[in-house]
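Student: From the sequence below, what's the structure:
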Amino acid sequence: MKLKGKSNFDTLKANFGDRITTDISTTAKEFITQHINSVWQLELLLLLKSCNNSMNIAEVSRMMHMEHSAIDLSLQAFALSGILSIDDDQRYRYSPNYALSNSIDETARMFSERRIAVINFIYAVPAAISND
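Tutor: Numbers count the residues shown, from 1 in each chain. From the prediction side, this is the model:
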């Protein structure tokens, strides 16, 4: 999502400066602002990344312990973004292009190494966008 010609990350930086932007990589920050709205959504993506097979909504919901409706919207958004593919049987598979794959790998690394900083950044994104 772009706001007034700026990326969401540019909006965050303008509103909050270095307070929320120094602990994680620029690649991870840009990926999060473009594709992630919540911590559970990042965890969903990382779950799908770790699976070697495709899954339907019921299987993903069971693994995430969440309702189908919330999972469905996120899976569709990831598919529209080119992060997941979906087959005729409505089964989702992690299949990003090279650039997205690198961004996701970096985001996963940051989440593993600097979990609190990533979580804080995710929670700061909606606040910064709504204050723009």
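Student: Which residue ranges of the chain form strands?
Tutor: Using DSSP state E, the strands of the chain run over 2-3, 6-7, 84-86, 92-94.
Student: Please name the residues that touch the spatially most central residue of the chain.
Tutor: Against the mean C-alpha coordinate of the chain, by Cα atoms, centre = their mean, the closest residue is Ile36 at 3.0 Å. When contacts are counted by Cβ atoms under 8 Å, 6 or more residues apart in numbering, Ile36 is found next to Leu42, Leu45, Thr107, Ile122, Val125. Using the backbone N, CA and C atoms, a C-beta is placed for each residue, glycine as well.
Student: what's the most distant pair in these?
Tutor: Largest separation among the contacts of Ile36 by Cβ to Cβ: Leu45 and Val125, giving 15.2 Å.
Student: ok, these two, which is more surrounded?
Tutor: Set Leu45 next to Val125 and count neighbours by other Cβ atoms under 10 Å: Leu45 wins out with 24 against 21.
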